[in-house]
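**Student:** one predicted model, sequence on top.
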Amino acid sequence: MVGLDQNRWRIKLFNPKYSFKEIGEGLVEKKRGNIKANQNLINKKNNYGYLKLPEVKRNKFQVVIDPGHGGPDPGAIGIGGVRETDVVLDVSKIIKNLLSEKGVKVRLTRTNDVDLDLPPRVSIANNTDADIFVSIHANASRGKRRDINGLETFYYRGWRGRLLAKRIQKQILRVSPGSPDRGVKQGRFYVIKNTRMPAVLVEIGFLTGRLDARRLEKITHRKRLAYAIAKGILEYLDKVG
Ligand SMILES: [Zn+2]
């Protein structure tokens, strides 16, 4: 099963022996023709065509990606012990590769599980004269409630920060079907408040949430999120320059 959109999934069934009874919810799209041809079509469409990354002017932009936490501070600890520090580092590294392929210069504030205070994260961005700053985090709910899931993106000030947040939020929702849209919000987090360029802090899901945690522990989902964030960034760079 693959999530195509917030409210759309595609389930592939190979040689189903029985037909379906409609239960009044959703839509069954029957594919005609032979299975091989259908399979090719499905493979083509499932390649996340809608996530095709936009092109931007090469060697023009510099982006700082900030994987939250690290070292003695693992961040949120989720269901099954999955750690925020590991999840966000993974996602950040993939974002770096994707953006680099598009000719965007990317600097990660940390590349392994090291302790890094907030001020040096900000200094890296301010000193490299980055165009944008994107901090990646995963959430935990108070009391580790499994029914709380969702994604949200924060900015501190300015229309540019808000636009960047909106572009990223839209894309990460598309790859997280069923997980609530907690919205684009203003937040006073140190790293987005003290960086001089448009800056956002992305919460890619709740490690304590039943739905989000199951996804965030998988590399396939981390890749999808990285694609989504890279797409939001590229769209922003293309528009605002
Ligand atoms: Zn965090």
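**Tutor:** Done, it's in.
**Student:** buried sites along the longest helix belonging to the chain?
**Tutor:** Of all segments of type helix in the chain, defined using DSSP state H, the longest is helix 219-240. Neighbour counts using 16 or more other C-beta atoms under 10 Å place 221-237 of helix 219-240 among the buried residues. C-betas here are computed from N, CA, C, even on glycine.
**Student:** for the ion, what's its nearest residue on the chain.
**Tutor:** Distances between the chain and the ion by C-beta to the ion are smallest at His137, namely 3.4 Å.
**Student:** residue contacts, that residue?
**Tutor:** Taking C-beta atoms under 8 Å, 6 or more residues apart in numbering, we find His137 in contact with Gly68, His69, Gly75, Glu84, Val88, Leu201, Val202, Glu203, Ile204.
**Student:** contacts with the ion among these, please.
**Tutor:** Gly68, Gly75 (C-beta under 5 Å from the ion).
**Student:** need the residues that contact the longest helix of the chain.
**Tutor:** The contact list for helix 219-240 (C-beta under 8 Å, 6+ apart) reads 48, 51, 53-56, 61, 63, 87, 90-92, 94-95, 98-99, 102, 104, 131-132, 134, 136, 160, 163-164, 167-172, 174-176, 198, 202, 204, 215-216.
**Student:** can you flag which of those belong to helices?
**Tutor:** Using DSSP H, the contacts of helix 219-240 in helices are 87, 90-92, 94-95, 98-99, 160, 163-164, 167-172, 174, 215-216.
**Student:** what's Arg196 in contact with, if anything?
**Tutor:** Listed by C-beta under 8 Å, 6+ apart, the contact partners of Arg196 are Ala125, Asn126.
**Student:** which residue packs closest to Asp90, ignoring adjacent ones?
**Tutor:** Of all residues not flanking Asp90 in the chain, Arg222 sits nearest, at 5.0 Å (C-beta to C-beta, 6 or more residues apart in numbering).
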